[in-house]
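> I need the structure of the sequence given here:
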Amino acid sequence: MLKLKKSVTLLIALSLVLSVLLTGFSAPSATAKVDYQKLKPVNLTWYFVGEKQPDEALVYAAMNKITKTKINATVDFKRIDWAAYDEKAKLLMASGQEWDIIFTASWINNFYTAAAKGAFLDITTLIKKYPVLLKSVPDFCLASGTYNGKQYAIPNYQALYAQKAIVVPTSIAKAVGLDKIKKFNSINEWEPYLAKFKASYPDRVTLEYNATWGPDYGDLPALGSIKYNYHDKVPKLVLGFESPEVLALARKNREWFLKGYLRPDLLTSENKDKDTIVNVTPVLKPGMDGELLAQFKVPMTAIPFMDPMIV
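Residues are numbered from 1 along each chain as shown. Below is the predicted model:
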């Protein structure tokens, strides 16, 4: 039996629970039947990111009943809040402390940086022994968990597209008829609503933009960054300073700042979305209503402002 420490990583989100946990055991052949109850029991430690959820302990207990029955394993779920996750995950991996599964991505607990430092176990050969797992994830998706040609992570095969949207409290959206709009064709179409929000709610921030989170209005790189332009038939890297669209966006942000739509302390504020009417979400997806309700504590209306695209 093979017990993995410093082992499997997850990209983007948590999923494939049983498939991933199976990597903690000696692999059977494609046709062999294994009685996992005859194997030595193991306890796996799983670090992931998220806020505390109601009855989460009951969910963990129910999941452990399944894993105990299926593969004679239990799982110690270690949840870390969003604000602390990136730093704590890096410290965990650097400390030499034992763990089995951890959440990683390109945007938090950076997968490529950690893989380059040798934080993860090479599972290139191991996963080939589990055809059910390989069949459940397309090759192009599985490849996102590789570094230098070696597999270090099991991706979450979920929403493979991006569609940015603005989100507004439903009560406010209904008051101005915003709930009847299915899609904006450009950010310029927001402007009449921003003016209405500013006039009706002068004590609240109209549009979120601060030092730790600036809205990415569409598929554009930040001024000082490089990003693929997915609108070209052959995606090419675009430098923000050289993009006329980015420069136009910077001018628009300046215009909106002077009109009072953005918070005056945007260079120092870390108060994301708490007192803001319009926020931006990078991925509008099925089930988003529940996520927005959990985040903002009130029902929210989302209106996309770009076409969905595979990323």
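> ok, then the element right after the helix or strand of the chain with the lowest mean pLDDT?
Every helix and strand in the chain was compared by mean pLDDT, DSSP states H and E; the lowest is helix 17-21, with a mean of 37. Using DSSP states H and E, the helix or strand that follows helix 17-21 towards the C-terminus is strand 42-49.
> distance of residue 293 from residue 301?
Separation of residue 293 from residue 301 (CB to CB, to the nearest Å) stands at 11 Å. In short, each C-beta sits where N, CA and C put it, glycine included.
> one more: residue 283?
Relative to residue 301, residue 283 is positioned 16 Å away (CB to CB).
> neighbour count winner among those two?
The neighbour count for residue 283 versus residue 301, taken as other CB atoms under 10 Å, is higher for residue 301 (20 against 15).
> okay, and that one sits in which element?
strand 300-304.
> strand partners of that strand, parallel vs antiparallel please.
Note on strand 300-304: by DSSP bridges, its sheet partners are strand 165-169 (antiparallel).
> so residue 75 makes contact with residue 46?
Yes. Applying CB atoms under 8 Å, one finds residue 75 in contact with residue 46, separated by 5.4 Å.
> can you pull out the strands in the stretch 151-300 of the chain?
153-155, 161-162, 165-169, 205-207, 226-229, 236-239, 276-281, 300-304 (DSSP state E, counting those that start in this stretch).
> columns distance to residue 180 and mean pLDDT on top of those strands, output as TSV?
Formatted as TSV, the strands of the stretch 151-300 of the chain follow (distance: least, CB to CB, whole Å; pLDDT from 0 to 100):
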stretch	distance to residue 180	mean pLDDT
strand 153-155	37	91
strand 161-162	25	72
strand 165-169	13	91
strand 205-207	20	89
strand 226-229	32	55
strand 236-239	35	67
strand 276-281	17	86
strand 300-304	10	92
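> and those strands as TSV, adding distance to residue 109?
Shown next, in TSV, are the strands of the stretch 151-300 of the chain (distance: least, CB to CB, whole Å):
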stretch	distance to residue 109
strand 153-155	11
strand 161-162	20
strand 165-169	25
strand 205-207	29
strand 226-229	21
strand 236-239	25
strand 276-281	21
strand 300-304	27
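> so for residue 127, which of the ones you listed sits nearest?
strand 153-155 (7.5 Å; CB to CB).
> number of residues surrounding residue 161?
12.
> ignore the last one, residue 288
Residues lying near residue 288 (other CB under 10 Å) number 16.
> can you tell me which residues contact it?
281, 302 (CB atoms under 8 Å, 6 or more residues apart in numbering).
> what about it, distance to residue 165?
From residue 288 to residue 165 the distance is 8 Å (CB to CB).
> would you agree residue 182 is in contact with residue 303?
Yes. If you go by CB under 8 Å, residue 182 and residue 303 touch, sitting 7.3 Å apart.
> so what's residue 138 closest to, chain neighbours aside?
Leaving aside its sequence neighbours, residue 138 sits nearest to residue 157 (CB to CB, 6 or more residues apart in numbering; 7.1 Å).
> scratch that, residue 68
The nearest residue in space to residue 68 (CB to CB, 6+ apart) is residue 74, at 5.8 Å.
> relative to strand 42-49, how tilted is the helix or strand hosting that neighbour?
Taking DSSP H and E as the criterion, residue 74 maps to strand 73-80. Put simply, strand 73-80 runs at 20 degrees to strand 42-49, going by axes from the mean of the first three to the mean of the last three CA atoms, to 10 degrees.
> now strand 73-80: buried residues?
Neighbour-count burial for strand 73-80, counted by 16 or more other CB atoms under 10 Å, picks out 73, 74, 75, 77, 79, 80.
> helix or strand next in line after it, which one?
helix 82-95.
> quick one: list the elements packing against that next one.
On a contact count with 3 or more CB pairs under 8 Å, 6 or more residues apart in numbering; DSSP states H and E, helix 82-95 meets strand 42-49, strand 101-104.
> hmm, try it at 7 Å
Packing partners of helix 82-95 (3 or more CB pairs under 7 Å, 6 or more residues apart in numbering; DSSP states H and E): strand 42-49.
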